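In: Fold the following for me, if possible:
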Amino acid sequence: MSNELEKDGAAVQSVDRALSVLALLARHGDLGVSELAAELGVHRSTAFRLVMTLEMHDLVEQTADRGKYRLGVGVIRLAGATTARLDVVQESRAIGERLAAAVGETVNVAILDRDEALYVDQMAGPSALQAYNWAGRRVALHATSNGKVLLAHAPAGRLKELAAGPLRSFTERTVTDVRRLGEELDGVRARGYAIAVDELEIGLTAVAAPVFNVEGVVVASMSVSGPTFRLPAERLPEVAGQVMAAAERISSRLGWHGNENGRPLTA
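Out: Residues are numbered from 1 along each chain as shown. This next block holds a predicted model:
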């Protein structure tokens, strides 16, 4: 037991030192291994191992003279992911509130988070009394309209990865057949929106459309959801049009204006 605690303590200490290396490089710019070792109060070999590990993950990189290290592109990617998420939330809030007021139902914004859809914001319409707060919740990609949009525009191979294990059935309406799901995703890309009726929960219907960034990559999905009795089949085309229009406005604010054919670009 004591050996396990010692190993855990050593691992935590290594993580703390690695984070300290990043903080030192952020503060001072370029630093050599000896300088880092002195700042951390550790042996030079320890500092070297920390730097090598961080370099493997592109979090630090050697400078031109190869004698010192600086923050790497991996840090930029991590910061960019956070910035992109904040940009989507900021640019979608006012548009989402107008959409929620117009449709009368709940509007959600979701992003792809590994093999799930992560809801990052929610706006409640006047009909959505005491609405469930989806913000911060992760849901299955194959059983939700937002998830289907994100999966339809995900990099090639994502569906295959998702299908490596059995797809969970939430209701009798959940699509768990991979071939059928693939065909449905083709339809999502073709018509520009996804629908999920009673697939995650019985009595819940949602319609979602993609949000594109300046490079034409889908960075989020916006949906309208509500009780199935308030979103019957005959109303869905109208709601889908409203959702797509709102998503296009957000995409425009993020710098996307479509390619030369006026069609969205996919990842």
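In: Relative to E39, how far out is M56?
Out: To E39, M56 is 21 Å away according to Cβ to Cβ, to the nearest Å. In short, each C-beta sits where N, CA and C put it, glycine included.
In: Those two: which has the busier surroundings?
Out: E39 (16 against 10; other Cβ atoms under 10 Å).
In: tell me the phi and psi of the closest residue to that one other than its chain neighbours?
Out: Closest residue in space to E39, ignoring its immediate chain neighbours: L24 at 5.4 Å, by Cβ to Cβ, 6 or more residues apart in numbering. In terms of degrees, to the nearest 10, the main-chain angles of L24 are phi -70, psi -40.
In: Show the contacting residues for L24.
Out: L31, L36, E39, L40 (Cβ atoms under 8 Å, 6 or more residues apart in numbering).
In: What score does it have for pLDDT?
Out: Note on L24: pLDDT of 90.
In: A135 is in contact with V120, isn't it?
Out: Yes - when contacts are counted by Cβ atoms under 8 Å, A135 is listed as touching V120 (6.6 Å).
In: Now do V149 against A102, distance only.
Out: When V149 is compared with A102 (using Cβ to Cβ), they lie 20 Å apart.
In: who's more crowded, these two?
Out: The neighbour comparison of V149 against A102 (other Cβ under 10 Å) goes to V149, with 32 against 15.
In: Would you confirm that that one contacts S221?
Out: Yes - taking Cβ under 8 Å as the definition, V149 is a contact partner of S221 at 4.0 Å.
In: and for the two, which residues touch both?
Out: A208, A209, P210.
In: Which one (most neighbours) among those?
Out: When neighbours are counted by other Cβ under 10 Å, A208 leads the shared contacts of V149 and S221 with 31 neighbours.
In: quick one, what contacts it?
Out: With contact taken as Cβ under 8 Å, 6+ apart, A208 is in contact with 110, 144-146, 148-149, 193-194, 196, 221-224, 243.
In: Which ones among those lie within helices?
Out: Counting by DSSP state H, the contacts of A208 place S145, N146, K148, V149, V243 in helices.
In: gap between the fourth one and A117?
Out: Relative to A117, V149 is positioned 9 Å away (Cβ to Cβ).
In: Can you list the low-confidence ranges for the stretch 51-200 of the chain?
Out: Counting by pLDDT under 70, the stretch 51-200 of the chain has low-confidence residues at 64-66, 76-86, 128-132, 134.
In: show me where it has helices.
Out: Here the stretch 51-200 of the chain has its helices, by DSSP state H, counting those that start in this stretch, at 73-103, 145-152, 158-162, 178-191.
In: what's the closest of these to V239?
Out: Nearest to V239 among the helices of the stretch 51-200 of the chain is helix 73-103 (5.9 Å), distances taken as Cβ to Cβ.
In: didn't G182 look like it was pressed against L159?
Out: Yes - applying Cβ under 8 Å, one finds G182 in contact with L159, separated by 6.1 Å.
In: Tell me how the chain divides into domains.
Out: Residue ranges for the domains of the chain, per automatic domain parsing: 2-71, 77-253.
In: deepest of the helices of the stretch 51-200 of the chain, which one?
Out: For those, average neighbour numbers computed from mean count of other Cβ atoms under 10 Å are highest in helix 145-152, which has a mean of 29.
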